[in-house]
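Here is a sequence together with a model predicted from it:
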Amino acid sequence: MNQTYFKNYLDRQKAAYDAIPIDRVEHLINLIKQCWEDDRQLFAFGNGGSASNVSHFITDLGKSASDTMGKRFRCTSLNESVSWITALGNDYAYEDIYLRQLQNYARPGDLVLTLSVSGNSPNVVKAVQWANDNGLTTIALVGGKGGKLAEIAHESITIQDEHYGRVEDAQMTICHMLCYGFIEEGKKA
């Protein structure tokens, strides 16, 4: 491994950032703002690194963005409760770990945001399909292959790369743009 590897890595990361469609990010922040104005719930979930990004996103939105907006965002990460997830995975199926939580909490008009590099994780796809069938608006941030999520989500942004690290970094950048749009622009966002 040498500096050429790192330079190439950064060049490809910059290309992934440059390909983020800013107009689509603006549309997503408008959807989230509408959810906030309507006092609806935002649910977010993902697997592995995407789950970590979801946790970070919900923390920034629920705490810092809420602090500047004068009204709290009603937002929840569905990948936080180990007892919930293991009970649902053990008693039903791992593919149901997000779907079953949505069945408990979600209402028509709520918003779902999911992150996935492959776009094909069965538990995520199944939950998004259920959300579509039950009147929620669904958003997917996916990697270059798009997968099933890019087909079925109401709104999606595809990061034009298939490298898990670069896609996850670009997805987190979008999540930061969404949160900091509220944190730094407040109610103008």
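Structure's in. What do you need?

show me where this protein has helices.
According to DSSP state H, the chain carries its helices in the segments 3-18, 22-37, 49-59, 66-69, 82-91, 99-105, 122-133, 147-152, 164-185.

Reformat those as a markdown table; add mean neighbour count, mean pLDDT and distance to Val112.
All C-beta atoms are positioned from the backbone trio N, CA, C, and that covers glycine. Formatted as a markdown table, the helices of the chain follow (neighbours: other Cβ atoms under 10 Å; pLDDT from 0 to 100; distance: least, Cβ to Cβ, whole Å):
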| stretch | mean neighbour count | mean pLDDT | distance to Val112 |
| --- | --- | --- | --- |
| helix 3-18 | 12 | 96 | 24 |
| helix 22-37 | 16 | 97 | 10 |
| helix 49-59 | 20 | 97 | 11 |
| helix 66-69 | 15 | 94 | 19 |
| helix 82-91 | 13 | 97 | 17 |
| helix 99-105 | 17 | 98 | 7 |
| helix 122-133 | 21 | 98 | 5 |
| helix 147-152 | 19 | 97 | 11 |
| helix 164-185 | 19 | 96 | 14 |
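
and of these, who's closest to Cys75?
Closest approach to Cys75 among these (Cβ to Cβ): helix 49-59, 5.3 Å.

helices and strands around the closest one, which ones?
With contacts taken as 3 or more Cβ pairs under 8 Å, 6 or more residues apart in numbering; DSSP states H and E, helix 49-59 sits against strand 41-46, strand 74-77, strand 111-116, helix 164-185.

can I get the CA coordinates of that helix in PDB?
What follows is helix 49-59 as a C-alpha-only set of coordinates in PDB (Å, rounded to 0.1, in the frame of the first residue of the first chain):
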ATOM      1  CA  GLY A  49     -22.600   0.500   8.400                       C
ATOM      2  CA  SER A  50     -25.900   1.900   7.100                       C
ATOM      3  CA  ALA A  51     -27.400   1.200  10.600                       C
ATOM      4  CA  SER A  52     -24.600   3.200  12.100                       C
ATOM      5  CA  ASN A  53     -25.200   6.100   9.700                       C
ATOM      6  CA  VAL A  54     -29.000   6.000  10.500                       C
ATOM      7  CA  SER A  55     -28.200   6.200  14.200                       C
ATOM      8  CA  HIS A  56     -26.000   9.200  13.600                       C
ATOM      9  CA  PHE A  57     -28.600  10.900  11.400                       C
ATOM     10  CA  ILE A  58     -31.400  10.400  13.900                       C
ATOM     11  CA  THR A  59     -29.200  11.800  16.700                       C
END
